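1. everything below, folded, please.
(chains A and B)
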Amino acid sequence: MIKDYFVDSIEKAIQEAINADKLGEMKEYKSGTLAVERPKNPDFGDFAINVSSLAKYARMAPPQIANTILEYVDKADNEYTVIGGFINFKTGKTLLKEAIKEIFVKDKNYGKPENVKTEKILLEYVSANPTGPFHIGHGRWAAMGSVLANLLKFYGHDVYQEFYINDAGSQIQKLGKSLAIRIRQELGEDVDFPTDEIERKNYYPGDYLIPVAKKYLETHKGLPEDIQELCDFAKAYEEKVQRDLLEKFRVHFDNFYSELTLHKSGKVEACVEKLKKSGKIYQKDGADWFRSSDYGDDQDRVIKKADGSNTYLTADIAYHIDKLERGFDRLINIWGADHHGYVARVKASIEALGYDPNKLEVLLGQLVNLVVNGNEVRMGKRKNMVTLEDLIDEVGVDATRFWMSMRNIDTTLDFDIELAKTNSDENPVFYVQYAHARACSILRNAIEEKINSETGEKTPAPMSEDELNKLIKSYDSETILPTIETAKKLILKLEEFKSMIKTSAETRQVYTICRYVQELASEFHSFYNSNRVICEDKQLMNARIALIVAVKKVLNNALDILGVTAPERM
RNA sequence: GUGCUUGUAGCUCAGUUGGAUAGAGCGUUUCCCUCCGAAGGAAAAGGCCGUGCGUUCGAAUCGCAUCAAGCACACCA
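-> Numbering: from 1, shown residues only, chains lettered A, B, ... in the order given. Model (predicted):
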């Protein structure tokens, strides 16, 4: 990376300056203490390092330090200048042309970091109850999770995506009871859900169970003897609906882990026993309590209720232990911010059972607001529920994935349906896809002969298909030289893809990819407007065509990670 | 009441271990197609970085306090 090249050159120079005893009282330098930044004023250079922080060690004025260091720098064809305590760097042609060459050589793997520590990661996300359709909030976790999975894989990690099905517990009984009411309604009975607020909470009164009731009656005459049959039927139905939608949304899990099978396997009981043996369990009011406060939780938690049944937490502990026992180096969970109180207790249990709690990384995501016509629509529990499927049908998979990924996970996301639907520059998805389509269009024009519609006169194609293929397949790093000055900003942006991927993966923040792709599109559009790609000067045209190909490749790699299509035409 | 997250341009948001004149997009205003996709581009205007103290050469960034918004505080899942 150019940034790294710059730092290395400076760090080497510092070492040499120290060896020559020129840096005052500074006798040693630890690599990595200086950071590269982007100069505020682009005239200063492409990158900058502020050496002011060395002043206290060297006991010299920052500009003096900078100038001293500069004497020892191997400058090659790059330009180094000092302003105040800053050493500014302007990238020379060699690095720029090598940057383009790298894109051609690495192609699909361009941007994959080298020499990084990779891990075996279990990424758990969505993990919804199978009691109804996904709402818009689930869409954020689905999109971010699958983008993160793509990103971490691209980084080099071994990623296993898992969906934990909360298919045990009282909500399934609620589901069965609710389906029974819908079935009786279908059979013509005059029944309805309770109107009493509190009573109503024991049911799912949404319309979505009506088709399930119809489906049930296709193969059954009436209500079954045992309500459990309805629970199972509805659960299986909703699970299927959820899985189908995930596929449609380009979200692919390696495994769906059923809470019920966890209970049946005896792993939950085993976990409770193990906790008891560790002496971290005590009895109070007829229930078993886990001393989670010994591990940083703000209070102890019930692990077995007075009626003898386990709590949700108990199963969750067993689930996390099971994940660790399956040999993963790291567990990453994406949870809604409404579950943040849960992190401490799960970590506490992991520690109490003798595992490293730092292996669990919980990404807490803030919630989603739906904006319609500029007004925020509150996500009520019952009324006005907009499902993820409705949203996808309305704005499409590409726009939904992009919008759900484009914000920092720590901020609530406003999803503006109208904006996401528009095909204009207000919509970042279209802006980016348009850039790709435009690049493709130029490449098409390069190898097409033109026919004048009035005169019928033919103009030969600017280059043959063979020439284009040769340019791409056996790319020569000198090709780019004629356009290297005018395309400098664009080339640097292309090169930035590598460092962007690295920080994005390491900070688990996928929105940086969305931002990058918009910036790259912007640089490309800007280049396009001031440089005519197809032109008389053959060398220049080849250079610009090569650049367009490079842009297309990088856009493709970025959009692949986002799971957004890169259309050839729009 | 306690904890977590967030307060930056009219709106939606960036701001990478504290550093140069706080940056984008949208919106507003002005310009750019006889020529590769104007679904583009160039430029202008627009800021007490919620507020107040503190830490230091230096703060949007760190600390304390305070105000505001969202979320969570079950023997529910």
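2. for the nearest residue to residue A:66 once chain neighbours are set aside, give me phi and psi.
-> The shortest distance from residue A:66 to any non-neighbouring residue, by C-beta to C-beta, 6 or more residues apart in numbering, is to residue A:82 (4.3 Å). Just so you know, the C-beta spots here come from the backbone N, C-alpha and C atoms, and that holds for glycine as well. Residue A:82 adopts backbone torsions of phi -110, psi 130, taken as degrees, to the nearest 10.
3. just residue A:159 next, same as before
-> Per degrees, to the nearest 10, the backbone of residue A:159 is at phi -110, psi 130.
4. now do the contacts for it.
-> By C-beta atoms under 8 Å, 6 or more residues apart in numbering, residue A:159 lies in contact with A:121, A:123, A:149, A:152-153.
5. relative to RNA strand B, which of the residues you listed is nearest.
-> Nearest to RNA strand B out of the contacts of residue A:159 is residue A:152 (C-beta to the nearest atom of the strand; 18.7 Å).
6. CA atoms only for the helix or strand hosting that closest one, dumped as CSV, please.
-> If you go by DSSP states H and E, residue A:152 is part of helix A:136-155. What follows is helix A:136-155, C-alpha atoms only, in CSV (Å, rounded to 0.1, in the frame of the first residue of the first chain):
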residue,chain,number,x,y,z
ILE,A,136,-37.6,-4.2,8.8
GLY,A,137,-35.3,-4.4,11.8
HIS,A,138,-34.4,-8.0,10.9
GLY,A,139,-33.5,-6.7,7.5
ARG,A,140,-30.7,-4.6,8.9
TRP,A,141,-29.1,-7.6,10.7
ALA,A,142,-29.6,-9.8,7.7
ALA,A,143,-27.9,-7.3,5.4
MET,A,144,-25.1,-6.2,7.7
GLY,A,145,-24.5,-9.8,8.7
SER,A,146,-24.2,-11.2,5.3
VAL,A,147,-22.0,-8.2,4.1
LEU,A,148,-19.8,-8.7,7.2
ALA,A,149,-19.6,-12.4,6.4
ASN,A,150,-18.5,-11.6,2.8
LEU,A,151,-16.1,-9.1,4.0
LEU,A,152,-14.5,-11.3,6.6
LYS,A,153,-14.2,-14.1,4.1
PHE,A,154,-12.6,-11.8,1.6
TYR,A,155,-10.2,-10.7,4.4
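7. how far out from the middle of the chain is it?
-> Here helix A:136-155 is found 5 Å from its chain centre; the criterion is C-alpha atoms, centre = their mean, to the nearest Å.
8. go on, stretch A:76-95?
-> Using C-alpha atoms, centre = their mean, the offset of stretch A:76-95 from its chain centre is 34 Å.
9. measure it end to end?
-> 10 Å (C-alpha to C-alpha, to the nearest Å).
10. check the contacts of residue A:159 against RNA strand B, which are close?
-> Applying C-beta under 7 Å from any atom of the strand, the subset of those adjacent to RNA strand B is empty.
11. wait, what's in contact with residue A:332?
-> A:121-124, A:148, A:361-363, A:508.
12. give me the pLDDT value at residue A:426.
-> Note on residue A:426: pLDDT of 68.
13. cool, and residue A:559?
-> 97.
14. next up, phi/psi of whichever residue of the stretch 101-250 of chain A sits closest to RNA strand B, please.
-> Nearest residue of the stretch 101-250 of chain A to RNA strand B: residue A:169, at 2.7 Å (C-beta to the nearest atom of the strand). For residue A:169, the backbone dihedrals are phi 120, psi 180 (criterion: degrees, to the nearest 10).
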